[in-house]
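Asker: What follows is a predicted protein model with its sequence.
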Amino acid sequence: MASSTDFIGHWGRPFPPRAVAALLPPLFHNFVCAGIKGNHISIHRRLIPGMADLMICASVRFLMIFSIVLFSAEVAVAQSDIGGAVRVENRVEGQLNGDPEEIIVNSPVFQNERIKTYADSGATFKLIDETTLSLGAASEIVLDRFVFDPDSSTGDMVFNAVQGAFRFVSGVAKNNSYRILTSVAAIGIRGTDFDVYVTRDATLVLGRQGAPFACPRRLKNELDPENFSCCDLDTGQAGTPLYGIITRRSRNCFGPNP
């Protein structure tokens, strides 16, 4: 009979019995791990041998493998880069989980990463769907979500522009794949090249090519032109100011221009 001090190894890594016990409901906490043969974990209860042992063994084996698969999948997603820096001027930082790290040319960028430029700094990033994202000085953006299927050219890309100046040139994904969020607006793109300037209370959009459009930012951060009054943003103008309630040039799109 194995004691509670025995360790089991899972694919060569030590694994204490108490860690396995944490995966089990309280009813099974008197079971201890005796060892592994191949990828099979044998579990024994001190008082009840026989069929109960086999059932518990199968349960622990499933729980451990299932947990490891989930953990591995999360790590793989977190570590998959979505593009890289092609231009960096002066001080540019990226923050994913821990402390900010310096970004240089060829540095990879990741989903959920926060990118920040400082005074007299700037950067350009090329993403895997061929989107080009440029940041001006003193700018900050979060790459909230980035899912892209190159086979179908579909995806779900969400950029949270916190502050500063940005230029977006959309890639090969279908137009409804992209959303740019600011403090007051959700911006969609249709084969678009446009600039965005963001402050805490306002967003200014300058369309260069294509047809960007914007909706007031709702709790779900969705672009919903059927249920909300959204603006098609003209290209070649001085810019479309979005002050809390979106306006179109000096004319109302919906609501007054503050």
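Answerer: Noted; the coordinates are in hand. Numbering: from 1, shown residues only.
Asker: partners of the helix or strand containing residue 165, with directions?
Answerer: Assigned by DSSP states H and E, residue 165 belongs to strand 154-169. Using DSSP bridges, the strands paired with strand 154-169 are strand 132-135 (antiparallel), strand 140-149 (antiparallel), strand 178-181 (parallel), strand 193-198 (antiparallel).
Asker: As CSV, could you dump the C-alpha coordinates of the first one?
Answerer: Extracted as CSV, the C-alpha positions of strand 132-135 are listed here (Å, rounded to 0.1, in the frame of the first residue of the first chain):
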residue,chain,number,x,y,z
THR,A,132,-0.7,47.6,-40.8
LEU,A,133,-1.0,49.4,-37.5
SER,A,134,1.0,52.6,-36.8
LEU,A,135,1.3,54.5,-33.5
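Asker: Let's have the strands paired with strand 154-169 in a markdown table, adding distance to residue 117.
Answerer: (C-beta placed from N, C-alpha, C; glycine too.) Formatted as a markdown table, these follow (distance: least, CB to CB, whole Å):
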| stretch | distance to residue 117 |
| --- | --- |
| strand 132-135 | 5 |
| strand 140-149 | 8 |
| strand 178-181 | 17 |
| strand 193-198 | 13 |
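Asker: among these, which is the most enclosed?
Answerer: strand 178-181 (a mean of 23; mean count of other CB atoms under 10 Å).
Asker: Adjacent strands (with direction) for the helix or strand that it is followed by?
Answerer: Once strand 178-181 ends, the next helix or strand along the chain (criterion: DSSP H and E) is strand 185-188. Sheet pairing of strand 185-188 (DSSP bridges) gives strand 178-181 (antiparallel), strand 213-216 (antiparallel).
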